[in-house]
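**Q** Need a 3D model of the following:
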Amino acid sequence: MKILITGCRGQLGQELQAQLAAGQSPLGPVPERLRHATVLAIDIEDLDIADREATVAYVRRHQPDVVINCAAYTNVDGCETDTDAAFKANALGPRNLAMACEKVGARLVHVSTDYVFPGTENGGIPLDESALPAPVSAYGRTKWLGEQYVQQFCRRHFIVRTAWLYGYKGKNFVKTMVRLGKTQQSVTVVDDQRGNPTNAVDLAHHLIRLADSHEYGLYHCTGSGVCSWAEFAAEIMRLSGSACKVLPCTSAEYAAAHPQAASRPAWSALDDRALRCTVGDAMRPWQAALAEYFQNWNGE
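**A** The predicted structure is shown next:
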């Protein structure tokens, strides 16, 4: 078995490599067939997936059985001002990987986002895979187009939407709050945007399980339970031992203070229905996954 991971230097790409190397995660063992897989880990310096010919040639030369695409332009505000870069990374890149995978018969695991949804509250019910996307930002629009390209060009695909991701490597909201908690007496965080914090450990574990299956299709894969960004921040401060206070604000107040910020969905809580009905949903409650993160994080 040969697995190609794109975007390997990001927090999810590094977590996937760690679990495949160890043969297990805190949630359980790596499937037997993938336990001794050959892993090719690449980033944009090795291959720009927005280049179709280069991508097809690379995949044809290395003949992977599975491609896990973690590459993306995830700067939500930056996508609004650099739309071409967002389109190349989030739409053309997945398209090219899908074409390449179809040519060699590889499975494509493509990571997408809750930002494909508009943020309508939906009566407080988390959104399952039957919910209709209608993104409100350039990031969401390009990621949704990437999903459509994957569906169109690769039959053996898994599209996996996640949300509010944090991991041991790279930058994320948890590390930002910890850093601010050490230097500030208070931080202001929006309290009317609700979703699912997701530990990269949990997401990587499920991506690997899907990659070992033939349960192709669309998935949601997020931490269990719903909270606001302010509630998430308050729990981070508590677990880190910080006395920094979290001051809630509305999205309108945040937008007035940050006029260049992109629109974000007010309600993007997801339901992992497809996981439950296929390979199984072992995603932990977001509070438990966050607590374990602080037990194991070295602070870097």
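**Q** From here on, just use CA atoms for contacts and neighbour counts.
**A** Noted.
**Q** Chain neighbours aside, what residue packs nearest to residue 145?
**A** Spatially, and ignoring its direct neighbours in sequence, residue 145 is nearest to residue 91 (5.5 Å; Cα to Cα, 6 or more residues apart in numbering).
**Q** number of nearby residues for the nearest residue to residue 235 once chain neighbours are set aside?
**A** Excluding the flanking residues, the one nearest residue 235 by Cα to Cα, 6+ apart is residue 287, at 7.9 Å. Residues within reach of residue 287, counting by other Cα atoms under 10 Å, total 20.
**Q** buried residues in whichever strand or helix holds residue 287?
**A** Element membership for residue 287 (DSSP states H and E) is helix 286-296. Using 16 or more other Cα atoms under 10 Å as the test for burial, helix 286-296 gives 286-287, 289-290, 293.
**Q** Outside of it itself, list whatever touches it.
**A** 167-168, 196-199, 202, 223-225, 235-236, 239-240 (Cα atoms under 8 Å, 6 or more residues apart in numbering).
**Q** for stretch 203-221, same thing?
**A** By Cα under 8 Å, 6+ apart, the residues outside stretch 203-221 that reach it are 12, 15-16, 19, 25, 27-28, 30-31, 33-34, 66, 107, 109, 128-129, 156-163, 222, 270-275, 278-279, 282-283.
**Q** same question for it, mean pLDDT?
**A** Stretch 203-221 comes out with an average pLDDT of 98.
**Q** Only C-alpha atoms, please: export it in CSV.
**A** Extracted C-alpha coordinates of stretch 203-221, given in CSV (Å, rounded to 0.1, in the frame of the first residue of the first chain):
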residue,chain,number,x,y,z
LEU,A,203,-9.9,13.7,12.1
ALA,A,204,-6.7,11.9,11.0
HIS,A,205,-7.9,8.7,12.6
HIS,A,206,-11.1,8.8,10.7
LEU,A,207,-9.5,9.8,7.4
ILE,A,208,-7.2,6.7,7.7
ARG,A,209,-10.2,4.5,8.4
LEU,A,210,-12.1,5.8,5.4
ALA,A,211,-9.0,5.4,3.2
ASP,A,212,-9.0,1.7,4.0
SER,A,213,-12.7,1.3,3.0
HIS,A,214,-14.8,1.3,-0.1
GLU,A,215,-17.4,3.6,1.5
TYR,A,216,-17.0,6.3,-1.1
GLY,A,217,-19.0,9.6,-0.8
LEU,A,218,-19.5,12.7,1.2
TYR,A,219,-18.8,12.9,5.0
HIS,A,220,-18.8,15.3,7.9
CYS,A,221,-16.1,14.7,10.5
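**Q** Show me what counts as buried in that stretch.
**A** By 16+ other Cα under 10 Å, the buried positions in stretch 203-221 come out as 203-212, 216, 218-221.
**Q** before we move on, back to that, can you say which of the contacts of stretch 203-221 are buried?
**A** With burial judged by 16+ other Cα under 10 Å, the buried subset of the contacts of stretch 203-221 is 12, 15-16, 19, 25, 30-31, 34, 66, 107, 109, 128-129, 156-163, 222, 270-275, 282-283.
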